[in-house]
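Participant: no sequence on hand, only this structure:
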């Protein structure tokens with residue numbers, strides 16, 4: 001059964017951050033740039049001639065080396081969405097806050113952006129997804145078999161599929 005973003009964070013992402021050594025003292029959840037200032041004020045929406053302000057946007061996770069030395073942002077998406085969906089948002093948050101690393105995850109897959117090299121690295125958990133994002137059922141098996149070959153290749157030449 002698919003879970004929403006909050007459940008994905010609590011059940012999948014938080015435990016993985018902890019196992020990777022990101023203790024509570026090094027992770028800030030739902031971070032506003034400054035405690036007294038929201039990252040963005042939230043979109044203004046017109047409904048029936050009346051203006052409403054949607055909730056403010058905030059960084060899902062801010063990873064810190066020390067209290068005063070943040071190094072990366074993590075954007076969480078619910079597990080039904082592809083991790084790449086949050087990458088541009090994570091990059092935007094990282095750039096706005098002067099950080100050089102951004103991650104987007106759905107609890108299974110992780111997309112990393114390195115601002116120093118402008119390189120994006122993907123970590124897909126093939127056995128958990130098994131072609132989950134392949135829209136055409138007719139090629140799902142073929143794609144599922146090819147994905148590990150591509151991602152485990154040592155260079156571009158060995159990653160090519162015939």
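Facilitator: Sure thing, it's come through. What you are looking at is a predicted structure, and each value in this text was computed from that prediction instead of being measured. Residues are numbered from 1 along each chain as shown.

Participant: could you count how many residues lie near residue 76?
Facilitator: 24 (other Cβ atoms under 10 Å). (Each C-beta comes from the backbone N, C-alpha and C, glycine too.)

Participant: my guess is it meets residue 103, correct?
Facilitator: No. Counting by Cβ atoms under 8 Å, residue 76 does not reach residue 103; the two are 9.3 Å apart.

Participant: for this protein, give me the ranges with low pLDDT.
Facilitator: 1-2, 32-43, 55-57, 124-137, 140, 144, 147-162 (pLDDT under 70).

Participant: mind giving me the domain ranges of it?
Facilitator: What automatic domain parsing lists as the domains of the chain is 5-123, 129-162.

Participant: ranking those by burial, who's on top?
Facilitator: Neighbour counts (mean count of other Cβ atoms under 10 Å) averaged over each of these peak at domain 5-123, with a mean of 16.

Participant: how long is that domain end to end?
Facilitator: When the termini of domain 5-123 are compared using Cα to Cα, to the nearest Å, they are 19 Å apart.

Participant: wait, doesn't residue 115 sit right on residue 101?
Facilitator: Yes. Between residue 115 and residue 101 there is a contact under Cβ under 8 Å: 6.5 Å.

Participant: overlap in contacts, those two.
Facilitator: Counting by Cβ atoms under 8 Å, 6 or more residues apart in numbering, the residues touching both residue 115 and residue 101 are residue 94.

Participant: beta partners for residue 59?
Facilitator: Counting by DSSP bridges, residue 59 forms beta bridges with residue 31.

Participant: can you pull out the strands in this structure?
Facilitator: 27-31, 44-47, 50-53, 59-66, 69-76, 101-105, 110-114, 119-123 (DSSP state E).

Participant: which one of the ones you listed lies closest to residue 84?
Facilitator: Nearest of the strands of the chain to residue 84, taken as Cβ to Cβ: strand 110-114 at 5.4 Å.

Participant: who does the closest one touch, helix- and strand-wise?
Facilitator: The helices and strands touching strand 110-114, judged by 3 or more Cβ pairs under 8 Å, 6 or more residues apart in numbering; DSSP states H and E, are helix 87-96, strand 101-105, strand 119-123.

Participant: the second one packs against which elements?
Facilitator: If I follow you right, that is strand 101-105. Strand 101-105 packs on strand 69-76, helix 87-96, strand 110-114, going by 3+ Cβ pairs under 8 Å, 6+ apart.

Participant: how about those in TSV, adding distance to residue 60?
Facilitator: Below are the helices and strands packed on strand 101-105 laid out as TSV (distance: least, Cβ to Cβ, whole Å):
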stretch	distance to residue 60
strand 69-76	4
helix 87-96	8
strand 110-114	13
